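Chemist: sharing a model that was predicted from the sequence below.
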Amino acid sequence: MALPLAYLIVRAFGASSEAWELLFRVRTAQILGRSALLVVTVTGASLAIATPLAWLTTRTDMPFRRTLSVLTALPLVVPSYVGAFLAISALGPKGLLQQMLSPIGVESLPEIYGLPGAAITLTLLSYPYTLLTVRAAFRNLDPSLDESARLLGHGSWSTFFRMTLPQLKPAMAAGSLLVALYTLSDFGAVSLMRYETFTWAIFQQYQSAFDRSIAAVLSLVLVLFAVLILMGDGFVASKG
C-alpha cells in the first residue's frame, strides 16, 4: 500500500506544469462532480435497500429468512462489468425487457446508459456491504428496548427513529463507507455504461497519452477524494 502510494506521489509531483493545470479546467471539475454524484446516489440507494432487508431478515418471522439472507449477499461475487453487461442486456435498447413489452406497443425504454445505468448496477452490486453491517447491528440490539418504548406509548415508527436508528448509525456509516469506496474505485460498470468518472479519465490518460504523469496527477486527486470520504465517515461515526 505504502509503496504504490509513494510512487504515485513522486510521479505526480514530477509532472509538468501543464499536467497540474489540467486540474483547474472545467472538464476536470465536471468529472469530479459526476464521480461525487454517483457515489452519493449509490450510497443513498444502498442504504434504502439494505436497511429494510436487514430488518426483515432479523426482526420478523417471515418464511425463508435464512434463504433470503444468503441470496441478498450473492451480488458480492458478481464483478461490476458482468453486472453492467447483464443490466444492458435486460434494460438496454433491444434488451430483454423491451422485447417482452414490444407486443403491447412499447417501442423504447428510458435510456440506461450514463448515470441511471451506472447507479442501478453499482447499487445492486454493492448494497450487501451495507446490508451485512446493518444486519449484524440489528442482531446485537436488545429487543427489550423496543418493547419498553412501546409500553411507554411510542408507535413503531417512533420507536425505530428514536430508539433503533441511533444504535444503527455506526453500522450504517461503516457499510456506507465500503459502498462509497467501491463506487469511487469502480471502472468496469462505468466504462460499459459510458459514464465518465475519475477512474475512466485516469484510464483514458494512461492509455492514450504519451506522458503518463497526467494519469498520476488524476490518480492522486482520486486518492484525496477517498481520504475525504474516510474523514466524513469518521465524523459521522463520532456523532453517532
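Modeler: Happy to help now that I have it.
Chemist: so Trp20 makes contact with Ile214?
Modeler: No. Using Cβ atoms under 8 Å as the test, Trp20 is too far from Ile214 to be in contact (9.1 Å). The C-beta positions use only the backbone N, C-alpha and C, and glycine is treated the same way.
Chemist: same for whichever strand or helix holds Ser89, what does it pack against?
Modeler: If you go by DSSP states H and E, Ser89 is part of helix 80-91. When contacts are defined as 3 or more Cβ pairs under 8 Å, 6 or more residues apart in numbering; DSSP states H and E, helix 80-91 packs onto helix 96-101, helix 115-140, helix 188-192.
Chemist: among those helices, which comes closest to Leu53?
Modeler: helix 115-140 (5.6 Å; Cβ to Cβ).
Chemist: tell me the helix or strand right after the helix ranked longest in the chain.
Modeler: In the chain, taking DSSP state H as the definition, the longest helix is helix 26-59. Remark: after helix 26-59, the chain's next helix or strand is helix 65-71, criterion DSSP H and E.
Chemist: contacting residues around that following helix?
Modeler: In this structure, residues lying in contact with helix 65-71 by Cβ atoms under 8 Å, 6 or more residues apart in numbering are Leu53, Leu56, Thr57, Met62, Arg135.
Chemist: would you confirm that the second one contacts Thr72?
Modeler: Put plainly, it is Leu56. No. Counting by Cβ under 8 Å, Leu56 sits too far from Thr72 to count as a contact (9.5 Å).
Chemist: please identify which of those two sits among more neighbours.
Modeler: Counted by other Cβ atoms under 10 Å, Leu56 and Thr72 do not tie: Thr72 has more neighbours, with 20 against 16.
Chemist: which ones are touching that one?
Modeler: Thr72 is in contact with Leu53, Thr57, Pro128, Leu131, counting by Cβ under 8 Å, 6+ apart.
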